[in-house]
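Student: Need a 3D model of the sequence below.
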Amino acid sequence: MPEPRPTAHATSVLDAPPQGLPAAPADGGAGAVTRPAPWWQAVALFAAVGALVWIAVWFGNAHLGHDPWFPSRPGIAGGQFFEGWQRWDAYWYRTIVREGYVYYPGVQSSVAFWPSYPIVVRAFSWLFPSIFITGSVVTLVSGATLAVCFRRWAGLFLKPAGALTALLVLLVYPYGYYQYGAVYADALFIAAAVGAFLLLERDHVFWAGVVGIVATAGRPAGVIVAGALLFRLIEKRNSAHGERGLVALFDPRGLGWRDSPILLAFAGAGAWCTYLWVRFGDPFLFASVEGVQGWDQAAGPGTWLKFRLIETIQHHPWSPGTINLIVQGLLVLGGLALVPAVKRRFGWAYALYVLGVCGMALIGTKDFMGSGRYLLSAFPAIAALGDILSRRRGVRAAVLPLSLVALLGLSMLFGRGSYLS
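Tutor: Numbers count the residues shown, from 1 in each chain. Okay, the predicted model is just below:
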């Protein structure tokens, strides 16, 4: 396929014009490619919301009663300003950075956590006084990168108002504090995923595959990222030859040998499984260890049909914890409901990607716990919602502030040590 001709605005890898965009709908929402928004715009919005989130986390840590698991620790590196981000899985990542991976049969073990994030944290830990501070900095940088890449990606398909609203939806998403400083892998994973798709839309297949490695070694959903990258490339190539629809998504005859680097994206998951196989004798140990006592999320009817959630609702129907689980479940259903809107705006490959991400959250958790942050990776659904809200100003004027309030409230609770997602 011939290379796209440069335009006056195609000054870098991320500014080159995309190929194979879906046809614009009748109302002109998608396919409205304009000059890329300046990177600092996304960074400024990220910084503004992030400052509020950091204050909320500090307040929760400094002024709310702590969860018993997280008593206050005077004198720690970074003080109370960083302490509120050091919750729950953060301790697993610190252990991995310090000691590497370990596995003890029948009990919770660090092999449940994928390697991209701890590798990056370890690489930069010499720059900062503690692993926890390094983790927060890596998350912050990843979150800012995500904001820039997401705004650029959305701008390929949506009008400026839709792309900007989509970015705001992402930034004020109630469980979005994981992109602002939490010592968790989510921000790096999602930034790598969006970056890979953005590079693919710009027809930089090799670099899309390379960046995809970081995503596929970051979380189990990385396999869905790699598959969606491949399907999107097929869709783009067939679209350039006038072939559209779901059938064209599975017809690889339009691919050439120059498209083969997209398969690099599978290398992250492949390398992780190979490591587990060589060291511990089980390439899928990350999955089986989730069924041990305490996590209790082994694949099977109990997890798929949410027996634990049903039991929780029966015994504690109005407790804050139960309401939190129900809200996360409703968000999963909302993501699934947005799949048709994603298909209309971005194409079949992105629709299948959102379906895969939401489907994994639907069947992979015993009670929807964690789904709130998992859905951050369903970025095409977030973009579709942003586009919808951009056309309904009254609804947007209510939804965005309410979402920000929810984000800050959950951030305060996270800062005190509440187990939320």
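
Student: what about L140, neighbour count?
Tutor: Applying other C-beta atoms under 10 Å, we find 20 residues neighbouring L140. For glycine as for every other residue, the C-beta is placed from the backbone atoms N, C-alpha and C.

Student: How about it: what's its closest non-neighbour residue?
Tutor: Computed as C-beta to C-beta, 6 or more residues apart in numbering, the closest residue to L140 that is not its neighbour in sequence is G181, at 5.7 Å.

Student: Just confirm that neighbour is within a helix.
Tutor: No. Using DSSP: H, G, I helix; E, B strand; the rest coil, the secondary structure at G181 is coil, not a helix.

Student: Can you get me a residue count around the residue lying closest to G254 once chain neighbours are set aside?
Tutor: Nearest residue to G254, sequence neighbours excluded (C-beta to C-beta, 6+ apart): R237, at 3.6 Å. Residues lying near R237 (other C-beta under 10 Å) number 21.

Student: right, and R237 touches L249 too?
Tutor: No. R237 lies out of contact with L249 (C-beta atoms under 8 Å); the separation is 10.7 Å.

Student: W207 and A265, how far apart?
Tutor: Here W207 is placed at a distance of 11 Å from A265 (C-beta to C-beta, to the nearest Å).

Student: Looking at those two, which is more packed in?
Tutor: A265 (30 against 18).

Student: Quick check: pLDDT value at the more buried one.
Tutor: At A265, the pLDDT value in this model is 97.

Student: Tell me the spacing between it and V107.
Tutor: For A265, the distance to V107 (C-beta to C-beta) stands at 33 Å.

Student: rewinding a little: if I look at the residue nearest to G254, how far off is Y419?
Tutor: 45 Å.

Student: ok, back up a step: now the residue nearest to G254: which helix or strand?
Tutor: Assigned by DSSP states H and E, R237 belongs to helix 222-240.

Student: Going by neighbour count, which residues in the helix or strand that that helix is followed by are buried?
Tutor: Using DSSP H and E, the helix or strand that follows helix 222-240 in sequence is helix 246-249. For helix 246-249, a neighbour-count test (16 or more other C-beta atoms under 10 Å) marks A248, L249 as buried.

Student: got the phi/psi numbers for L158?
Tutor: Backbone torsions of L158, given as degrees, to the nearest 10, read phi -110, psi 160.

Student: That one - how many residues pack around it?
Tutor: L158 has 26 nearby residues by other C-beta under 10 Å.

Student: Once you drop chain neighbours, what's closest to it?
Tutor: What sits nearest to L158 in space, not counting adjacent residues and going by C-beta to C-beta, 6+ apart, is D387, at 5.1 Å.

Student: That neighbour contacts R345, doesn't it?
Tutor: Yes. Using C-beta under 8 Å, D387 makes contact with R345 at a distance of 6.3 Å.

Student: residues contacting S110?
Tutor: W92, T95, I96, Y101, V102, Y103 (C-beta atoms under 8 Å, 6 or more residues apart in numbering).

Student: Which residue is the nearest non-sequential neighbour of the second one?
Tutor: Take T95 and drop its neighbours on the chain: the residue closest to it by C-beta to C-beta, 6+ apart is S110, 5.8 Å away.
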